[in-house]
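Colleague: Sequence and predicted structure, then a few things I'm wondering about:
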Amino acid sequence: MNINDLINDRLKMLLQNGIDSSAFEIKLLLAHILGIEPKNISPNVEINEHQVALLDNMLKERLAYRPIDKIIGKKGFYKYDFVVSDDVLSPRCDTEILVEKAIELLAPIKSANILEFGVGSGCIILSILADLPCITGVGVDISEAALAITDINAESLKIEPNRLNLLKTSWFDEDIIEKLSNYAPFDMVVSNPPYIITSEIAKLDREVKEFDPLIALDGGIDGLKDYDRILQLSQKLLKPNGVIILEAGDGQQLRQIEQIADKYKIKCLNILKDLNNIDRCIILKK
């Protein structure tokens, strides 16, 4: 069996078992096994029985709805590859618009200091730091395992240790302002916080609800508790005219976030659409 036949055969197997997949996903697994880029997989690439067995073992995980990135342990996001695990939310391409806008707004500033609530894999703050060498940042996460993943990704992207401080804490801790006071004030706050309404978690795709950490998904009974807290803290931690960029579930939720921001005298500047033309991010100004 040549490699194209192998790809088509295994894809057919996945589809017949109800797994929504593509030939590219099979190529990602093969590329990981062979140590090459997916674009370099061609009919001329040789594969041995041991490598086929490795592929089939990975496909057993996929049949259990484990996402490709969690199987191979990495995910492409923005311009970079990030190590991922079950301890972090898988980076989504829709979140790239948050990163792109943050970089656009920060680029004219010679030096700036940013804060991310809920760093997870680090894909947001590290992408910004990698593109803008004059920027420094602080990342907050309650998960020690997530912070360890961020640290690995920071080293992979060659982010100098003095440019990023990681704090293991919850933004609901009473002493969070005190913990961040050594690094404040900030020019920008970014976050993709938990925003799924608790009662909706069970309805999520299995790839999400079984393999992304619940703490990164569950936004409480109305999906808004984290936004309220983040905006409350941002009002105190940002410089005058500082900017906040937040990702949310949809346009309706963004309108609710705008109302919360108004409570803290924070203005909405703009709302950004994702790749599916759905309102996804809100830009706010202190």
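Modeller: Nice, I can see it. Numbers count the residues shown, from 1 in each chain.
Colleague: Name the helix or strand for residue 189, please.
Modeller: Taking DSSP states H and E as the definition, residue 189 sits inside strand 186-191.
Colleague: Would you mind listing the outside residues contacting that strand?
Modeller: The contact list for strand 186-191, computed with Cβ atoms under 8 Å, 6 or more residues apart in numbering, reads 98, 102, 105-106, 109, 112-118, 124-125, 128, 138, 226, 230, 233-234, 237-239, 242-247. The way it works is simple: take the backbone N, C-alpha and C, and place the C-beta from them, glycine included.
Colleague: List the neighbouring strands of that strand plus their orientation.
Modeller: Sheet pairing of strand 186-191 (DSSP bridges) gives strand 112-117 (parallel), strand 238-247 (parallel).
Colleague: Just say which of the ones you listed is most tucked in.
Modeller: Per residue and on average, the most neighbours among the strands paired with strand 186-191 fall to strand 112-117, with a mean of 24 (mean count of other Cβ atoms under 10 Å).
Colleague: Any chance you could list what contacts that strand?
Modeller: Against strand 112-117 from outside (Cβ under 8 Å, 6+ apart): 102, 106, 124-125, 128, 132, 134-140, 171, 180, 183-191, 193, 226, 230, 233, 237.
Colleague: next SSE after it?
Modeller: Next helix or strand after strand 112-117 toward the C-terminus (DSSP H and E): helix 123-131.
Colleague: what distance separates that following helix from the centre of its chain?
Modeller: 11 Å (Cα atoms, centre = their mean, to the nearest Å).
Colleague: got it, and stretch 195-210?
Modeller: 16 Å.
Colleague: Could I get the average pLDDT for it?
Modeller: Here stretch 195-210 scores 95 as its mean pLDDT.
Colleague: list the buried ones in that stretch?
Modeller: For stretch 195-210, the neighbour count (16 or more other Cβ atoms under 10 Å) marks 195-197, 207-209 as buried.
Colleague: Return the member of the residues you listed nearest to residue 4.
Modeller: Set against residue 4, the nearest of the buried residues of stretch 195-210 by Cβ to Cβ is residue 207 (26.2 Å).
Colleague: What distance do you get for that closest one to residue 13?
Modeller: Remark: distance between residue 207 and residue 13 (Cβ to Cβ, to the nearest Å) = 18 Å.
Colleague: so what's the closest residue to residue 75 other than its chain neighbours up against?
Modeller: With sequence-adjacent residues excluded and distances taken as Cβ to Cβ, 6 or more residues apart in numbering, residue 75 is closest to residue 69, at 3.8 Å. Residues near residue 69 by Cβ under 8 Å, 6+ apart: 75, 84, 90-91.
Colleague: Check those against residue 9 and report the nearest one.
Modeller: Within these, the smallest distance to residue 9 is 25.6 Å, found for residue 75 (Cβ to Cβ).
Colleague: Now do the helices for the stretch 1-150 of the chain: every range, in order, please.
Modeller: Remark: helices assigned in the stretch 1-150 of the chain by DSSP state H, counting those that start in this stretch are 3-16, 23-34, 49-63, 68-72, 96-106, 123-131, 144-156.
Colleague: Pull out the buried residues from the fifth one.
Modeller: In terms of neighbour count (16+ other Cβ under 10 Å), helix 96-106 has its buried residues at 96-103, 105-106.
Colleague: do the longest one as well
Modeller: Buried residues in helix 49-63, defined by neighbour count with 16+ other Cβ under 10 Å: 52, 54-55, 58-59, 61-62.
Colleague: So the chain: which segments form each domain?
Modeller: Split into domains by automatic domain parsing, the chain comes to 3-64, 85-285.
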